[in-house]
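Q: Could you look at this predicted model? Sequence included:
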Amino acid sequence: MKITVLTLFPDMIKPVISQSIIGRAIYEKKLQIDVIDYRTFSLNKHHKVDDTPYGGGAGMVLQAEPVVRALRAVEGHEKALKILMTPQGEPYKQSQAKALSKAEHLIILCGHYEGFDERIRPYFDQEISIGDYVLTGGEVAALVVIDSTIRLIPGVLNKDASHEEDSFSDGLLEYPHYTRPPVYEGQAVPDVLLSGHHQAIASWRRAESIKRTRTRRPDLYEAYLKRQKNP
């Protein structure tokens, strides 16, 4: 997979993608991430990429021209899946991460300032929001999409690691986890996990997953019940 990030702040992206699983995937050539500063595509002598909004109002607006120029400079941009990070986008879910992990090339635009010129939208295929809140820019949101997507690429996680039981993978929250010691400050690991009985462990984990979802995310639990009634 190839990912191209269009940003005004490359140094917010580069240190993160060099670390952990993302960094290893890049090192092993399972992933390529290019970070492009679209400020360099501004035709303004001061490399400005924003201006005051028509009609007045607070803040500055990201101009269309430098963004589109940067986008068109990306090799293969015509066939790439082009994503715009914006609070107005579709709420991001695990199902989207799965879909994006199958793409050959993603281009992700990180917005900034008060907003962006509306004429930028037609050049992108999809708009994504990572939550109902506002960030100072799209870089952190882009990293969320990158991290959640690349870990689903076959071979990126360790062979003994599995994403199939992650929270949200089947619409439920994940069951509780425990590791050594068996007792910590009076808190004991459930006996079933020490039993070696794999079927009993699987049943316990499923029940705990359902219980945790019902308690913490009633919305997900209701959706789960509907799926059970109408598979």
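A: Yep, it's here.
Q: This protein: strands as residue ranges?
A: 2-7, 32-37, 50-51, 61-62, 81-91, 105-110, 115-116, 126-129, 183-184, 187-188 (DSSP state E).
Q: Direction included, what does the second one pair against?
A: This points to strand 32-37. Sheet pairing here is set by DSSP bridges, and for strand 32-37 it gives strand 2-7 (parallel).
Q: Now do the partner strand and strand 105-110, the angle between them.
A: 10 degrees (axes from the mean of the first three to the mean of the last three Cα atoms, to 10 degrees).
Q: Not including adjacent chain positions, what is the nearest residue to Q126?
A: I83 (5.1 Å; Cβ to Cβ, 6 or more residues apart in numbering). Yep, even glycine has a C-beta here, placed from its N, CA and C like the rest.
Q: what bridges to the one you found?
A: Applying DSSP bridges, one finds that I83 bridges with I108, Q126.
Q: can I see the domain layout of this protein?
A: Domain ranges of the chain: 2-150, 164-231, per automatic domain parsing.
Q: ok, of those, where does mean pLDDT dip lowest?
A: Looking at these, the lowest mean pLDDT belongs to domain 164-231 (a mean of 92).
Q: quick one: it to chain centroid distance?
A: 24 Å (Cα atoms, centre = their mean, to the nearest Å).
Q: contacting residues around D37?
A: 7-10 (Cβ atoms under 8 Å, 6 or more residues apart in numbering).
Q: List the ones among those residues that fall in helices.
A: Among the contacts of D37, DSSP state H puts P10 in helices.
Q: and which of the contacts of D37 is nearest R72?
A: T7 (16.5 Å; Cβ to Cβ).
Q: I figured the closest one hits E139, correct?
A: Yes - contact criterion Cβ atoms under 8 Å: T7 and E139 qualify, at 5.7 Å.
Q: Give the residues shared as contacts by those two.
A: What both T7 and E139 touch, as defined by Cβ under 8 Å, 6+ apart, is the set 13, 110.
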